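Undergrad: Below are the sequence and a predicted model for it; my questions follow.
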Amino acid sequence: MEVFERAFDSMEREELLRTLEMFAKNWLAHDGCWFLAAEEQYGMETAIALDTKSWERFAAVEARRILTTFNIPENGGLVALERALNLRMYSVINKQHIEWSEDGTRLRFFMDICRVQETRRRKGLEDFPCKSVGMVEYEVFARTVDPRIRTQCLHCPPDAPPGLYCGWEFTLAES
């Protein structure tokens, strides 16, 4: 049996980073293609319901893989969540930032540039109303990192102020 060298085995760091960015863009493009096909077949309301269910499942899978791959401790609180959010596929292609409250009890996550919404805006389309999907996605992701984490939407289309994308606040529930 011949052993073939994988293309990635000989890549330098810069090539691997470009590859990671390409994979992230491809992942997001697939998500968008899937959603458009569902919308065309079943309409917006059903497509959003299907998207919500899909993100509910994917957010848990993504969080568990991040925790395992990067040895982030279970029930690691907001510190673990901060690390996990920075390791999501989104972080490769969307500009985002995190803010901590002065007392360290609240973590706020902001999507500064969202490729999905930017694409829609370039095409002259209204923002995708992602709040209902995002509520499930971010809550499931955070609770998979630590079941004590509570999620609150600060703003998200269609309720985001002009020019902004989504913003989320995470706190730990009292034990």
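TA: Yep, that arrived. Numbering: from 1, shown residues only.
Undergrad: Please work out the average pLDDT along the helix ranked longest in the chain.
TA: As assigned by DSSP state H, the longest helix anywhere in the chain is helix 13-42. What helix 13-42 shows for mean pLDDT is 93.
Undergrad: Please point out which parts of that helix sit buried.
TA: 24, 28, 31, 35, 38-39 (16 or more other C-beta atoms under 10 Å). Any C-beta I mention is one placed from the backbone N, CA and C, and that applies to glycine too.
Undergrad: Quick one: the residues you listed as TSV, columns for distance to residue 64 too.
TA: TSV is the format used below for the buried residues of helix 13-42 (distance: C-beta to C-beta, whole Å):
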residue	distance to residue 64
24	19
28	20
31	19
35	23
38	25
39	29
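Undergrad: re earlier: can you list the helices and strands that the longest helix of the chain packs against?
TA: When contacts are defined as 3 or more C-beta pairs under 8 Å, 6 or more residues apart in numbering; DSSP states H and E, helix 13-42 sits against helix 44-69, helix 90-93, helix 115-122.
Undergrad: Can you tell me which of those has the worst average pLDDT?
TA: Minimum mean pLDDT among the helices and strands packed on helix 13-42: helix 115-122, a mean of 88.
Undergrad: ok now that one, how far from the chain's centre?
TA: Offset of helix 115-122 from its chain centre (C-alpha atoms, centre = their mean, to the nearest Å): 16 Å.
Undergrad: wait, isn't residue 62 in contact with residue 141?
TA: Yes - shown here, residue 62 and residue 141 form a contact pair, counting by C-beta atoms under 8 Å, at 6.8 Å.
Undergrad: higher neighbour count, those two?
TA: residue 141 (27 against 20; other C-beta atoms under 10 Å).
Undergrad: For the more buried one, list the residues it contacts.
TA: 59-60, 62-63, 84-85, 88 (C-beta atoms under 8 Å, 6 or more residues apart in numbering).
Undergrad: just the angle between the helix or strand containing it and helix 13-42, please?
TA: Using DSSP states H and E, residue 141 maps to helix 131-145. Angle of helix 131-145 versus helix 13-42, following axes from the mean of the first three to the mean of the last three C-alpha atoms, to 10 degrees, is 130 degrees.
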